[in-house]
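S.K.: Build me a structure from this.
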Amino acid sequence: MAASRQAAPAAAICVLLATAVGGCGNVTPQVPQGAELRMERPDVRGVLALVATENGTAYLVDRETGKVVLSGQMEMRDQLVVHLARNMVFLNGTLIRQGGLDPKRAYQLYFLKS
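M.R.: All right, here's what the predicted structure looks like:
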């Protein structure tokens, strides 16, 4: 059971990275209907964070353009941390993306339950 729990975040990281680097071609993904806005303003450290309350998909959206800049599957209790000031994204403490975020832009975190 512990081994499968450790493999799952790695699979989620692969999905997040594939989407982040344009794995879907020229299609700009949209946040699906039913996704809940979970965080809209970073805290005082410039951090947006999401803890999955159940299995689902997280979406990081550029608020000005509406473009999904990062998305991927999360399992219950996974933690996604977007550190805008450091230009880094972490999943369960593992760096999954560095660069590509503008700390001066506004981002939103959405979550769609599976």
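S.K.: Name the nearest residue to Glu54, sequence neighbours excluded.
M.R.: Met76 (5.0 Å; Cβ to Cβ, 6 or more residues apart in numbering). Glycine gets a C-beta too; all of them are placed from N, C-alpha and C.
S.K.: which residues in the chain form helices?
M.R.: Secondary structure of the chain (DSSP state H): helices located at 2-20.
S.K.: which ones are touching the residue nearest to Glu54?
M.R.: By Cβ atoms under 8 Å, 6 or more residues apart in numbering, the contact set of Met76 is 52-55.
S.K.: closest to Gly100 among these?
M.R.: Closest approach between those and Gly100, by Cβ to Cβ: Ala52, at 22.5 Å.
S.K.: The closest residue to the closest one other than its chain neighbours and Val31, how far apart?
M.R.: Sequence neighbours aside, Met74 is the residue nearest to Ala52 in space, at 4.1 Å (criterion: Cβ to Cβ, 6+ apart). Noted for Met74: a distance of 15 Å to Val31, by Cβ to Cβ, to the nearest Å.
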